[in-house]
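*Asks:* give me coordinates for this.
(chains A and B)
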Amino acid sequence: MTSLVKDQKTKNSQKIKDRFISAFIGIFAIVWLFPIAWTLFSSLRPYKDIRANGILSWPSELNFDNYIEAIERMELPRYFYNTAIITLPAVFLTLFFGSLMAFVVTRYSFKFNVAMLLLFTAGNMLPAQLVFIPVFKMYMAIGDLVGDRRILYDNPWGIVLIHVAFQMGFATFVLSSYMKTIPKEISESAQVDGASVFTHFFRVMLPLLRPPLASLAVLMTTWIYNDFFWALVLMSTDNKRPITSALGRLQGEFVTDYNLLAAGAMIAAIPTLLVFFVLRKQFVSGLTLGATKG
Amino acid sequence: MLNKIAGHEVDRRLLLKGAAAGGLGIAGATMLAGCAPGSTGPISFGARTVDESPTIQLKGLVDAYIAKTGNEVTYNATESNAFQNNLSQYLQGTPDDCFQWMAGYRMQFFADQGLLVDLSDAWNEIGDQYNESYKIAATAADGKQYFVPQSWYPWGLHFRKSMMAEIGMDADSVYNWDDFLAALGEMKAKGLIGLASADKGGWEAMGMFDILNARINGYQFHVDLLAGREKWTDDRVKEVFRHWEQLLPFMNTNVLDLEWDGAMQLLLQKQAGFFFNGSWFGANFLEQSQEDYDDLWIIPFPEINPDNARDTIDAPIDGFCVAKNGANNAGGADLAKFAGDIEGVQAMLDTGIPMTSANNGQDRSSYDAFQLQQVAVMDEAKYITQFLDRDTRPDFAGPIIGPAFQSWFKDPSSTDSILESLQSQWDALPAL
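*Replies:* Sure, this is the predicted structure:
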């Protein structure tokens, strides 16, 4: 009898706890969703409606005019192309070099491999704002050395390089954590069978790395796609910059039509959303990847 | 990827020529400076705007230049905020040859670092088309000119003629501080906002500080204060805030919630009598309707100290500079000279976009009444200042003065402590 009452009590308290947690999660979900929902809502409202009635009024009309205007003014094809020629090589090279690094530091033991891994991971912690002046000066110096200042600065390849440099630390870290979970015996038998270092890497390890590479590719794509900073400071010609800076084209010198800007932001977010929904699984596993070390 | 203005195709020979000119430009820019116009090779032009009207205007200028000289010009446009924030890197890196910029300290700052091309030669040729005040605004610390003016707009008291007629006020006759306070009091009694104000952006109120300081303490003190030669803790600065405080009861109560266009709305909707701002917003009135635009009027800010009368005005000048690190210094200078010459000015006017040009030779017969009144307001002033955030260090104006003025609006009684903190922050700035 007593135990039954006790059970009832625990059940009740568990229920209250659950409710509390649900409410808690619910509040956070709303806090998270609100800015996005508000952006979507704003993007559908014409500016003149807000001018006349204020931001918090009930909308008198909702339409896609802002989207049409944003698409016209942003010169989407050019800027999407610019983004593509930065993002695709950057992701590919990051993953390629990152996996090479990870391969070496986990499969071969030499004196500096832990130090090297640390170096790569620590480099990842440096904020971009701290290093952009030295990077800029370096790009200039290299440009002057070869006699063409646009060899790195104001050049998509310069942006690709800086992304590779910045993201490689994280890629190396994740891939090496994953690689440690692959049994050493596989490598040993490959070596016994006479595989060279390259065969070992390309034919044995790389195929096994497919899951973390897929997740990393998704993460890297979103990160590099969303970058605004490097393209702003390392490029001087606006029509070479990626889509994130095309949003700036929707601002005027004195007036900014925030509804138009909201529409532009929604358009610019579509590719990342697509990548996310198509590769959702990899995205989630990417977040926890390397969290458990074998 | 560059926008070809004249629709010329880039052929290989031109590219090679460009590369050669680029190499030469870096190696010995000064050698080329003597070249005759027409033989300068491709030029790139950097516009500091992506807005529709100014783009039409600038493309008109560039097209006219191409038609005249046959030089190849590429037009690169960048949104103004991004351009401004990135200018330092831009000028040190691979800038366009000729680019749009502003006069005053903002130009001198880069001229002092050797990033701009000396345009004294161009000034020798076109200088007589400009008043002395423009030449001063185009001159850097070394006494040479680095800037060619394009257009300007005055900061003054704006009002709607029809509204003043409705409430039976003769706003044109507001000459001094007492007149002004009386007019504001009258409007307050009628339930109107006397002076529409905004400072959400942090820069809007700077114009009011400029004009009060210049009226009370004179041009020289204002310039010295912004250059750090006078102290913010000076009693004369406190006097400025005492006058400013007298205006607060006549302002809208949500000064810190409005950006400049919010305050403009108050004038547009006839809720406020006066609006102190740069005249550029006339374009927004025109967008609203021709009737609203025709109703708009401007007078100089009232006299406070009879010694200074109404001798100073904030009239930011926009124009062109030539970048030292550009590939074609001579070509850039040639384009800048063309832009400042009456021929280039006419080309911009021919696009039909209204512009109050700095050039004396400009045909003013096409000016409407409001533009003529702007000229009259401008002509009354002996000294031109460029607006606070163009007249002092950029790392002082935006990040330090902006928030300081905002906190003053929250608590006007804290003037002394705000000014002390302003001075200590100026003192803490690294030397240039």
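*Asks:* what ranges does the stretch 1-150 of chain A have for its helices?
*Replies:* If you assign secondary structure with DSSP state H, counting those that start in this stretch, the helices in the stretch 1-150 of chain A sit at A:2-44, A:47-53, A:65-74, A:76-107, A:113-123, A:128-146.
*Asks:* same question for the stretch 1-150 of chain B.
*Replies:* With DSSP H, counting those that start in this stretch as the criterion, the stretch 1-150 of chain B has helices at B:12-32, B:52-69, B:80-85, B:87-92, B:105-112, B:120-126, B:132-137.
*Asks:* just the residues contacting the second one, thanks.
*Replies:* Helix B:52-69 is contacted from outside by B:5-6, B:37-38, B:45, B:47, B:49, B:71-73, B:75, B:77, B:100, B:283, B:334-335, B:338-339, B:343-344, B:347-348, B:350-351, B:353, B:355, using Cβ atoms under 8 Å, 6 or more residues apart in numbering or on different chains. Glycine gets a C-beta too; all of them are placed from N, C-alpha and C.
*Asks:* can you check the fourth one too?
*Replies:* When contacts are taken as Cβ under 8 Å, 6+ apart, the neighbours of helix B:87-92 outside the stretch itself are A:136, A:140, A:233-234, A:236, B:46, B:83, B:101, B:110, B:115-116, B:323-325.
*Asks:* give me that answer again for 7 Å
*Replies:* A:136, A:140, A:233, A:236, B:110, B:115, B:323, B:325 (Cβ atoms under 7 Å, 6 or more residues apart in numbering or on different chains).
*Asks:* picking up where we left off before, and of the helices of the stretch 1-150 of chain A, who's closest to A:Phe198?
*Replies:* When the helices of the stretch 1-150 of chain A are compared by Cβ to Cβ, helix A:76-107 sits nearest A:Phe198, at 10.4 Å.
*Asks:* and that closest one, how far out from the chain middle?
*Replies:* How far helix A:76-107 lies from its chain's middle: 12 Å, per Cα atoms, centre = their mean, to the nearest Å.
*Asks:* stretch A:38-58 too?
*Replies:* The answer for stretch A:38-58 is 31 Å, by Cα atoms, centre = their mean.
*Asks:* contacts for that stretch?
*Replies:* A:59-63, A:65-67, A:257-260, A:262-263, A:265-266.
*Asks:* check the residues you listed for burial and list the buried ones.
*Replies:* When the contacts of stretch A:38-58 are checked for burial by 16 or more other Cβ atoms under 10 Å in any protein chain shown, the buried set is A:65-67, A:257-260, A:262-263, A:265-266.
*Asks:* which one of the contacts of helix B:87-92 is nearest to A:Gln191?
*Replies:* A:Phe136 (44.9 Å).
*Asks:* touching, the closest one and A:Val233? I think so.
*Replies:* Yes: using Cβ atoms under 7 Å, A:Phe136 is in contact with A:Val233, at 6.4 Å.
*Asks:* the two: which is more packed in?
*Replies:* Set A:Phe136 next to A:Val233 and count neighbours by other Cβ atoms under 10 Å in any protein chain shown: A:Val233 wins out with 23 against 19.
*Asks:* list the contacts for the more buried one?
*Replies:* Neighbouring residues of A:Val233 by Cβ under 7 Å, 6+ apart: A:132, A:136, B:86, B:89.
*Asks:* would you format the residues you listed as JSON lines with distance to B:Asn329 and pLDDT included?
*Replies:* What follows is the contacts of A:Val233, written out as JSON lines (distance: Cβ to Cβ, whole Å; pLDDT from 0 to 100):
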{"residue": "A:Phe132", "distance to B:Asn329": "27", "pLDDT": "87"}
{"residue": "A:Phe136", "distance to B:Asn329": "22", "pLDDT": "90"}
{"residue": "B:Asn86", "distance to B:Asn329": "21", "pLDDT": "85"}
{"residue": "B:Gln89", "distance to B:Asn329": "19", "pLDDT": "87"}
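*Asks:* is B:Gly156 in a helix, a strand, or coil?
*Replies:* Using DSSP: H, G, I helix; E, B strand; the rest coil, the structure places B:Gly156 in strand.
*Asks:* partner residues bridging it?
*Replies:* Beta-bridge pairing for B:Gly156 (DSSP bridges): B:Asn277.
*Asks:* how many other residues sit next to it?
*Replies:* Counted with other Cβ under 10 Å, the neighbours of B:Gly156 add up to 29.
*Asks:* ok and the host helix or strand of A:Phe166 relative to helix A:76-107, angle-wise?
*Replies:* Per DSSP states H and E, A:Phe166 falls inside helix A:156-180. Calculated by axes from the mean of the first three to the mean of the last three Cα atoms, to 10 degrees, helix A:156-180 forms an angle of 40 degrees with helix A:76-107.
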